[in-house]
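predicted model follows, preceded by the sequence.
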Amino acid sequence: MKIIGYIAAAIFIFFGVLFIWGAGGTNGGGFSWIVTGTVSVLIGFGLIWLASRKPALGQAGGETVLKLDLPSQTKIEQMKCRNCGGALSPDNIKMVAGAPWVTCPWCGATYQLTEEPKW
């Protein structure tokens, strides 16, 4: 969204300068062209100001929380490292590129969690 704001600002400033420049000379548009060009330049700088103030997507601060809705009869078993068999806690699981990854605090192994079929 920032890029679109900057591009629109550049267009407004460019045409504003052209209007102001075109107001002079023998075939100039006069006072109305100067006013139109000035307003266009001001709108362009306003768009730059707005685009620079708005945070980019994903930079709003805080962290993303993923909530799961589990069925009422779900029993959570203790998770164990598939490399060494050490006990894992929810703190050992991190989301990386949309997939859950486990880092074992005991042996240091890192692997992606996979869901086994339920049948």
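Sure thing, it's come through.

give the buried residues for the helix or strand hosting residue 32.
Using DSSP states H and E, residue 32 sits within helix 31-53. Of the residues in helix 31-53, 33, 34, 36, 37, 40, 41, 44, 47, 48, 51 count as buried by neighbour count, 16 or more other Cβ atoms under 10 Å. Quick note: C-beta positions are derived from backbone N, CA and C, even for glycine.

pairing partners for the following helix or strand past that helix, with directions?
The helix or strand immediately downstream of helix 31-53 is strand 93-96, counting by DSSP H and E. When sheet partners are counted by DSSP bridges, strand 93-96 sits next to strand 99-103 (antiparallel).

run through who's touching the strand it pairs with.
79, 81, 88, 92, 93, 94, 95, 109, 110, 111, 112, 113 (Cβ atoms under 8 Å, 6 or more residues apart in numbering).

any weak-confidence spans in this structure?
25-29, 54-64, 68-77, 115-119 (pLDDT under 70).

start and end of stretch 82-101, how far apart?
13 Å (Cα to Cα, to the nearest Å).

buried set for that stretch?
By 16+ other Cβ under 10 Å, the buried positions in stretch 82-101 come out as 88, 92.

fine by me, we can end here.
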